[in-house]
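Trainee: just a sequence and a predicted model for now, questions to come.
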Amino acid sequence: MGNSKLYKGSLNTIILKLLEEKGKMYGYEITQKVKELTKGELKITEGALYPALHKLEAEGLLDVEVAKVDNRLRKYYKLTEAGEKETVNRLAELEEFIRSMQNLVNPKWSIE
Amino acid sequence: MKLSKEQIEFIDDYLIKNKVKYWYVRMELIDHISNEVEALMKVGSSFTNAMQAVHIKFGNDLTIKRLNKENTGWDTFPSLYADSSGYKRLIEEKKQGLTKGFAKLQRKALKLFFANTKSLIVYACVLILFLYTKEFFSTKAMHKTVLLLLMVMSLIPCLIALFNLKNTLKSLTINTSLLSSISGVSFINALLLGPKIFLDEGEQLSFTYIFIVFALLFPFFYTAIQLFVNQLKKYNSIHKKLA
């Protein structure tokens, strides 16, 4: 499936889930991890990733940390306490959405 | 293969020339571009070719057109400074993301304001004081006082930003946070100055109306100041750690 539009609405949830698993990540690392996990099907563009990260940061769901790595500065993102709670909510919402979609597309099949 | 200090400086200079003026945005882009360039160089690309590939990947054009010597057609050259529309778009989208994020945070902060005992006590004291002063001043004077008070509250983030000018100018986040926190000025204009157009000469807005507007806008400006100060504190602390 090469349709990135289907993933677009879930980009924030994908970012929150990755940060929940890895603790802290930087922008490029997120793009590579998503590419790896989806076997190249989903390529997050910089134009989509950074605005999403900044929106989540402004909402108070992400905190930032800057460290010097390889002659340059690197901005790491990590979940705040509010971000951790929001991740649980958004993942539950996403699972519910997937379940509803499965019922619509293939009523006989269920992930339960 | 890791990039040298000179190559990193080249990327910084390249971004400055491509009008990425905010230092924090540049810092993040330098790291991202460096990672991309390193990955390309690992598979055999030269630094120059890798930079050109990344320039295009960010949505910028690489070609400069010049009229040839004979004036009969165009000669084309690749240049990293031909076009920076990709970066412009990225910064604009970042701004939009931040504005949406701050609007959401402001709504949350307002909910917390009305759920927090300390802020409710402050709010109640301010409103009681307001009602008390009514005894000593005319409605016209109260109108002017409310106007002035709300204007001052909306300008507090600007004054704080002025005292932290260096960090404010460096960060797109602080800039957008500042704009969000002073966006309430339009409410002052619309609610306290606008209605005067519909009043006859010598007529005044009623005290009840002025009181309601003040009661509605005070929590907005109060939380806006808090949110801006929190953002500034966060970035000042990052800056201190880097120094």
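Mentor: Good, I have the coordinates.
Trainee: average pLDDT across stretch A:68-79?
Mentor: Mean pLDDT, computed over stretch A:68-79, is 93.
Trainee: residue of chain A with the smallest distance to chain B?
Mentor: Nearest residue of chain A to chain B, counting by CB to the nearest CB: residue A:58, 2.6 Å away. Placement of C-beta: from N, CA and C, glycine included.
Trainee: now do the buried residues in stretch B:219-230.
Mentor: Neighbour counts over stretch B:219-230 (16 or more other CB atoms under 10 Å in any protein chain shown) mark B:219, B:220, B:221, B:222, B:223, B:224, B:225, B:226, B:227, B:228 as buried.
Trainee: which of these sits closest to chain A?
Mentor: Within the buried residues of stretch B:219-230, the smallest distance to chain A is 9.1 Å, found for residue B:227 (CB to the nearest CB).
Trainee: the closest one against residue B:109, yeah?
Mentor: Yes. Between residue B:227 and residue B:109 there is a contact under CB atoms under 8 Å: 5.8 Å.
Trainee: picking up where we left off before, output the buried residues of stretch B:219-230 in a markdown table; the columns should cover pLDDT and secondary structure.
Mentor: Listed next are the buried residues of stretch B:219-230 as a markdown table, based on pLDDT from 0 to 100; DSSP: H, G, I helix; E, B strand; the rest coil:
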| residue | pLDDT | secondary structure |
| --- | --- | --- |
| B:219 | 93 | helix |
| B:220 | 92 | helix |
| B:221 | 92 | helix |
| B:222 | 91 | helix |
| B:223 | 92 | helix |
| B:224 | 91 | helix |
| B:225 | 92 | helix |
| B:226 | 90 | helix |
| B:227 | 91 | helix |
| B:228 | 92 | helix |
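Trainee: those also near chain A: which ones?
Mentor: Counting by CB under 8 Å from any CB of the partner chain, nothing from the buried residues of stretch B:219-230 sits close to chain A.
Trainee: all strands of chain A, in order?
Mentor: Secondary structure of chain A by DSSP state E: the strands cover A:24-26, A:62-69, A:72-79.
Trainee: next one: chain B
Mentor: Remark: strands assigned in chain B by DSSP E are B:63-67, B:74-78.
Trainee: with distance to chain A added, can I get these in TSV?
Mentor: Output for those, formatted as TSV (distance: least, CB to the nearest CB, whole Å):
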stretch	distance to chain A
strand B:63-67	20
strand B:74-78	21
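Trainee: tell me who's in contact with the nearest residue to residue B:231 once chain neighbours are set aside.
Mentor: Leaving aside its sequence neighbours, residue B:231 sits nearest to residue B:177 (CB to CB, 6 or more residues apart in numbering or on different chains; 4.3 Å). Contacts for residue B:177 (CB atoms under 8 Å, 6 or more residues apart in numbering or on different chains) come out as A:58, B:98, B:102, B:227, B:228, B:231, B:232.
Trainee: could you redo the last one with a cut-off of 6 Å?
Mentor: When contacts are counted by CB atoms under 6 Å, 6 or more residues apart in numbering or on different chains, residue B:177 touches B:102, B:228, B:231.
Trainee: identify the residues contacting the residue of chain B found nearest chain A.
Mentor: The minimum distance from chain B to chain A, using CB to the nearest CB, falls at residue B:101 (2.6 Å). The contact partners of residue B:101, by CB under 6 Å, 6+ apart, come to A:55, A:58, A:59.
Trainee: and the gap between the nearest residue to it once chain neighbours are set aside and residue A:7?
Mentor: Closest residue to residue B:101 apart from its sequence neighbours, by CB to CB, 6+ apart: residue A:58 at 2.6 Å. Noted for residue A:58: a distance of 22 Å to residue A:7, by CB to CB, to the nearest Å.
Trainee: quick one: the helices in chain B?
Mentor: Ranges of helices within chain B are B:5-17, B:23-42, B:47-57, B:85-115, B:117-133, B:139-163, B:165-170, B:172-181, B:185-188, B:207-242, based on DSSP state H.
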